[in-house]
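>>> please work out how this folds:
(one chain, ligands or ions: 2)
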Amino acid sequence: MHQKEFRILVINPGSTSTKIGIFDNERPVFEKTIRHDTETIHSFDSVIDQYTFRKETILEALDYEGINISKLSCVVGRGGLLRPIEGGTYSVNEPMLKDLKNGYAGEHASNLGGILAFEIAEGLNIPSFIVDPVVVDEMDEIARISGVPEMERKSIFHALNQKAVARRVAKQLNKSYEALRLIVVHMGGGITVGVHKDGRVIDVNNGLHGEGPFSPERAGTVPIGDLVSLCFSGEFYAEEVMKKLVGQGGLVAYLGTNDARTVEERIENGDKKAELIYDAMAYQVAKEIGSASTVLYGQVDAIILTGGLAFGKEFVKKITDRVEWVSDCIIQPGENELQALAEGGLRVLREEETAKVYPGGKTIARVSLD
Ligand SMILES: Nc1ncnc2c1ncn2[C@@H]1O[C@H](COP(=O)(O)OP(=O)(O)OP(=O)(O)O)[C@@H](O)[C@H]1O
Ligand SMILES: CCCC(=O)O
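Ligands and ions are numbered 1, 2, ... in the order given. Coordinates of the predicted model:
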């Protein structure tokens, strides 16, 4: 039987770029990374203030390519720092828009995804969705306990790419995602190690706020007593300490670059410090995988390594050498977030899934994250 054709616009706003794509069903027909110059981005007081600028830029890019948006079936945006929700495709609704605009859990470029999707879709009278935002929270109760009652562990991770890659691998293995026990390791600017069991991410390090391995730009878990001393040393403002942990931590702090390819070149040219730090990052990733394997009592169907760092053959080998005894390692380099957004929208359009409803509620104080 001939399958119905849907045309989907997907929008993934990043801190310095907006990635857009047009998909006919699963097939990408147009993809573009629109880069925004730093001066323009910094001329706005907040991420939300960039809304009109980004919308116009997207519409101009589509117009330039001769893409007629009146033929679209839906618009899908990357979801932002919303309140914790389970994974899936969500219809953009009023409470979600309110939380995105107010920055429920902080400022993040992806807060614009749902807003842009809604505003473009509304004018065309078609549905808008977000898929697997970074706040997807399917953690087991036991995983939430931190050791300090006032501080609960939180699920903030690369949910979109982790879930999409896990589903792709499940397909390759001829199994359903829901039937597998996987450890998925996203290694990009931040690194998150998710424990996927029965289609839920039951434990994961908070990749935004200082948990897990250090990464190209983030500190990961640090010696906590020393962190407290640093905070109260009188030498730094809170924002400065936060920057040390997120943005200016990890490779940036030790080696002055967030580019793993530069680090590899330096190692090749005999830079011993670069070698030690790069080895340490792989060591910490492997340790986190070991820790994640205990969540599954060692019954792990596969370990999946993904994200930009998974392109680095040497780096991957440093990790797999330490964890191959746990399970097979499957390497899926890069990220395919536009495709994942399109597929999330498509599952709903094809009625394979029902769009989930984002809950309403009170808004809490905003925290600046970028
Ligand atoms: N071919 C390669 N070999 C080694 N490292 C690579 C390669 N390509 C990209 N990387 C590294 O991957 C990292 C960036 O990964 P990625 O593009 O997934 O991150 P991002 O999208 O900026 O952040 P995030 O994935 O956390 O949202 C950089 O350190 C980059 O140098
Ligand atoms: C960890 C959440 C996604 C990001 O890196 O911003």
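
>>> excluding chain neighbours, what is closest to the residue most central in space within the chain?
Nearest to the geometric centre of the chain sits H158, at 2.7 Å (Cα atoms, centre = their mean). Once flanking residues are discounted, H158 sits nearest to H186: 3.9 Å by Cβ to Cβ, 6 or more residues apart in numbering. In this view, the C-beta of every residue, glycine as well, is placed from N, C-alpha and C.

>>> quick one, what contacts that neighbour?
F157, H158, N161, Q162, V165, T192, G194, G207, T306, G307, E335 (Cβ atoms under 8 Å, 6 or more residues apart in numbering).

>>> so which of the residues you listed is the closest to R266?
Checking the contacts of H186 against R266 with Cβ to Cβ, the nearest one is G307 at 20.8 Å.

>>> you'd agree the closest one is up against E337?
No. The criterion here is Cβ atoms under 8 Å, and G307 misses it with E337 at 10.8 Å.

>>> identify the contacts common to those two.
N161.

>>> who has more neighbours out of those two?
Just comparing G307 and E337: by other Cβ atoms under 10 Å the higher neighbour count belongs to G307, 24 against 21.

>>> measure the more buried one to S110 for me?
Separation of G307 from S110 (Cβ to Cβ, to the nearest Å) stands at 16 Å.

>>> pick out the residue of the stretch 1-150 of the chain closest to ligand 2.
Ranking the residues of the stretch 1-150 of the chain by distance to ligand 2 (Cβ to the nearest ligand atom) places V134 first, at 4.2 Å.

>>> count the residues that sit near the spatially closest residue to that residue that is not a sequence neighbour.
Distances taken as Cβ to Cβ, 6+ apart place I156 nearest to V134, at 5.5 Å, with adjacent residues excluded. Neighbourhood size, I156 [other Cβ under 10 Å]: 25.

>>> per-residue confidence at I156?
pLDDT, the model's per-residue confidence, is 93 for I156.

>>> rewinding a little: gap between the residue nearest to the centre of the chain and N125?
H158 is 33 Å from N125, by Cβ to Cβ.

>>> CA atoms of the helix or strand containing A292 as CSV?
For A292, the host element (DSSP states H and E) is helix 272-295. Below are the C-alpha coordinates for helix 272-295, written out as CSV (Å, rounded to 0.1, in the frame of the first residue of the first chain):
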residue,chain,number,x,y,z
LYS,A,272,52.5,15.1,27.1
LYS,A,273,50.1,17.2,29.0
ALA,A,274,47.5,17.0,26.2
GLU,A,275,48.0,13.2,26.2
LEU,A,276,47.4,12.9,30.0
ILE,A,277,44.3,15.0,29.9
TYR,A,278,42.8,13.2,26.9
ASP,A,279,43.6,9.9,28.5
ALA,A,280,41.9,11.1,31.7
MET,A,281,38.7,12.1,29.8
ALA,A,282,38.5,8.6,28.3
TYR,A,283,39.3,7.1,31.7
GLN,A,284,36.4,9.0,33.3
VAL,A,285,34.0,8.0,30.5
ALA,A,286,34.9,4.4,31.0
LYS,A,287,34.5,4.7,34.8
GLU,A,288,31.0,6.1,34.3
ILE,A,289,30.1,3.3,32.0
GLY,A,290,31.4,0.8,34.6
SER,A,291,29.2,2.5,37.2
ALA,A,292,26.2,2.5,34.8
SER,A,293,26.6,-1.2,34.2
THR,A,294,26.0,-1.9,37.9
VAL,A,295,22.6,-0.3,37.6
